[in-house]
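[1] Got a predicted model here, sequence first, then my questions.
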Amino acid sequence: MSPQAWLAAAGIEVLTPAGAIISVPYIDVKVACFVREFDGTGWNAERRLFVSRPKTEGLWVRALFRDNDYVEGILANDLLQFESQGYLLAPPDASSNNQRVFLPRTALKELKVMGVVGSPARKPKPQPDAKKQIGLFE
């Protein structure tokens, strides 16, 4: 399984704990978690909302699933990183077992942007006027 090709046309390619690669159709997937350890806490035990405004740069989003479940996370603020099959986001609890979470479009009812954290369109710092600088080595 190639790390760049886990999103196949038919579904998500998953490596099982036994070492086999299986393909799961997108319609059958609610969420795919990239975990630190297979024996960690499950998806249902994880914190789903931010306690306060997130500090990580990106798009702060809230996803509503077809079963009316929800999750918040941070999406990259780069349109080139969005996949046509779904969204890869960082979950609210950075210390949890889930490092990244993939949400297939077929599992979502709605995806709202709650805020933009950081901004790629930052204004450059003004440079000091050279005429106002003192000359040290003249």
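    Nice, thanks for sending it over. Residues are numbered from 1 along each chain as shown.

[2] C-alpha only now, for contacts and for neighbours.
    Fine.

[3] any idea how far Gly118 is from the closest residue to Val117 other than its chain neighbours?
    Spatial nearest neighbour of Val117, excluding adjacent residues (C-alpha to C-alpha, 6 or more residues apart in numbering): Glu57 at 4.9 Å. With the distance defined as C-alpha to C-alpha, to the nearest Å, Glu57 ends up 5 Å from Gly118.

[4] try Gly135
    Applying C-alpha to C-alpha to Gly135 and Gly118 gives a distance of 37 Å.

[5] which of these two has more neighbours?
    Gly118 (13 against 8; other C-alpha atoms under 10 Å).

[6] dump the residue contacts of that one.
    56-58 (C-alpha atoms under 8 Å, 6 or more residues apart in numbering).

[7] By pLDDT, rank those residues and give me the bottom one.
    Among those, Thr56 carries the weakest pLDDT, at 86.

[8] give me the number of residues near Leu136?
    5.

[9] ok, and the closest non-adjacent residue to Trp60?
    Ile74 (4.7 Å).

[10] In which helix or strand does the one you found reside?
    strand 70-75 (DSSP states H and E).

[11] Could you export that strand as CSV, CA atoms only?
    The C-alpha coordinates for strand 70-75 follow below in CSV (Å, rounded to 0.1, in the frame of the first residue of the first chain):
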residue,chain,number,x,y,z
TYR,A,70,-20.4,15.8,15.0
VAL,A,71,-16.7,16.5,15.3
GLU,A,72,-14.6,19.6,15.1
GLY,A,73,-11.1,19.8,13.8
ILE,A,74,-8.5,21.8,11.9
LEU,A,75,-8.2,21.6,8.1
